[in-house]
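Student: predicted model and sequence follow; I will ask about them next.
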Amino acid sequence: MDIERIKNGNTKYLAKNVVYYSEIGSTQDEIRKLAENNVTGGTLVITDNQTSGHGTKGRTWNVEGGKNITMSFVIYPDCEISKLEGLTIKIAEAIVEAIDELYGYKLSIKEPNDIIINDKKISGILTQSTTISEKVNYILIGIGFNVNQTEFPLELENIATSLKNEYGKTFKREDIIIEILEKLENKIADIL
């Protein structure tokens, strides 16, 4: 993965600091540790192989190493918790718009945090925040996106897919990451 290219994307805040692991249990757990130690806002943790990522309803987010996007980042908004209303949908919209702009593919949002194509999940979002009274201390945003994975565990075959499975070609993950972060930064500019 070309980390320098991601850092040099057209964002002012997100992914200017990137922490890369070839393999890690969970990017979300790692960014939480970093946030607790006041890492720079916008720091992105990304891996080629996430071995115990967090999915919805306590499930694990399964990945085929080196093929997908598994990333998490932290922001320190100066706002009250009420201002975060609709944040997950804004993230989902950024993902949908990024794929549309890059490739003309139409993905859809299944609220609250899934991205769907052809009735199968292709991406998921995990947002977590900590607060001090009514003020937000930090927000952790995790994104899993199935890009070039071709095989899924039996229990996911009928409910999960990837861009490669849908369109039969290999995609550059960096292109997708950069576009998602650019779109997202614009959508959440009011809390950065």
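Tutor: Received it, and whenever you're ready, just let me know what you need.
Student: now the strands for the chain?
Tutor: 18-21, 44-47, 53-54, 60-61, 69-75, 108-110, 114-117, 120-132, 135-145 (DSSP state E).
Student: the residue nearest in space to the middle of the chain: what's it in contact with?
Tutor: Closest to where the C-alpha atoms of the chain average out (CA atoms, centre = their mean) is residue 143, at 1.9 Å. Residues counted as contacts of residue 143 (CB atoms under 8 Å, 6 or more residues apart in numbering) are 69-72, 91, 95, 123-126, 180. All C-beta atoms are positioned from the backbone trio N, CA, C, and that covers glycine.
Student: for residue 188, same thing?
Tutor: Residue 188 touches 75, 87, 90-91, counting by CB under 8 Å, 6+ apart.
Student: which pair of those spans the longest distance?
Tutor: Using CB to CB, the pair of the contacts of residue 188 lying farthest apart is 75 and 90, separated by 12.2 Å.
Student: now do the helices in the chain.
Tutor: For the chain, the helices defined by DSSP state H occupy 3-7, 27-36, 87-103, 163-167, 173-187.
Student: mean confidence score for the second one?
Tutor: For helix 27-36, the mean per-residue pLDDT is 96.
Student: packing partners for that helix?
Tutor: If contacts are counted by 3 or more CB pairs under 8 Å, 6 or more residues apart in numbering; DSSP states H and E, helix 27-36 sits against strand 18-21, strand 44-47, strand 53-54, strand 69-75, strand 120-132, strand 135-145.
Student: which of residue 75 and residue 90 has more neighbours?
Tutor: Each of residue 75 and residue 90 has its neighbours counted (other CB atoms under 10 Å); residue 75 has more, 22 against 19.
Student: which non-adjacent residue is nearest that one?
Tutor: Take residue 75 and drop its neighbours on the chain: the residue closest to it by CB to CB, 6 or more residues apart in numbering is residue 139, 5.1 Å away.
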